[in-house]
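# Coordinates for the following, if possible.
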Amino acid sequence: MNLDDVHAVIASAKSRGRGNLDRFIQRRLPEASRSQVEETGDVAMEIIESIPIFLARAEQEAESRGLHPVVAPILEQATGYFLSPVDVIPEMTHGLAGLLDDAYLVLRILEHLDRGPRPLLDWDLKEPLEFLGRLVGKEVSKQLDLYSIQFVQAAEGHFSRFWDAVAAEA
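From the prediction side, this is the model:
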């Protein structure tokens with residue numbers, strides 16, 4: 001997982017200004033005042049800029065628990081989506097607004113990793129997910145929810161190999 005690339009994508013989108021993000025928010029929330037659009041944009045930016053921290057923390061926790069072989073492929077999928085310039089809301093055409101779907105997907109995947117008897121991070125991601133879900137809309141969030149499930153399911157082979165290796169060591 002290359003967090004430097006994630007930082008670079010965010011910096012590139014930020015360098016093009018916040019106009020696209022504010023216009024995107026205004027279209028999604030037509031009743032919002034200018035100050036509400038700006039506040040919403042500020043919160044969206046905080047979430048987007050936190051994504052590398054979320055990913056790094058998940059990787060550290062997986063490593064400390066000996067789960068890196070299982071979790072790393074899922075985090076790679078999330079990072080790959082974030083780095084892809086062509087996705088559901090492309091950064092190439094939407095600038096910072098194009099990172100909303102990326103952030104949503106990363107948080108949804110982390111939420112999946114928190115399910116189970118011992119959550120990976122034990123973070124409450126409900127509020128930022130609902131916030132981003134409102135911004136990207138129901139159809140996009142449904143599509144991203146499906147992607148997140150597919151990414152986790154694709155890692156099932158890694159789970160099986162990991163547990164086989166653990167059992168063989170015991």
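# element containing the residue sitting nearest the centre point of the chain?
Most central in the chain under C-alpha atoms, centre = their mean is Val106, positioned 1.7 Å from the mean C-alpha point. Using DSSP states H and E, Val106 falls within helix 100-113.
# How about whichever helix or strand comes after that helix, which residues are buried there?
Counting by DSSP H and E, the element after helix 100-113 in chain order, helix or strand, is helix 126-136. Going by neighbour count (16 or more other C-beta atoms under 10 Å), the buried part of helix 126-136 is Pro128, Leu129, Phe131, Leu132, Gly133, Leu135, Val136. Glycine gets a C-beta too; all of them are placed from N, C-alpha and C.
# what residues does helix 126-136 touch?
Helix 126-136 is contacted from outside by 24-25, 28-29, 40, 43-44, 47, 88-89, 100-101, 103-104, 107-108, 111, 141, 144, using C-beta atoms under 8 Å, 6 or more residues apart in numbering.
# from the chain's centre, how far out does the longest helix along the chain sit?
Ranked by residue count and defined by DSSP state H, the top helix of the chain is helix 34-64. Using C-alpha atoms, centre = their mean, to the nearest Å, the mean C-alpha position of helix 34-64 is found 9 Å from that of the whole chain.
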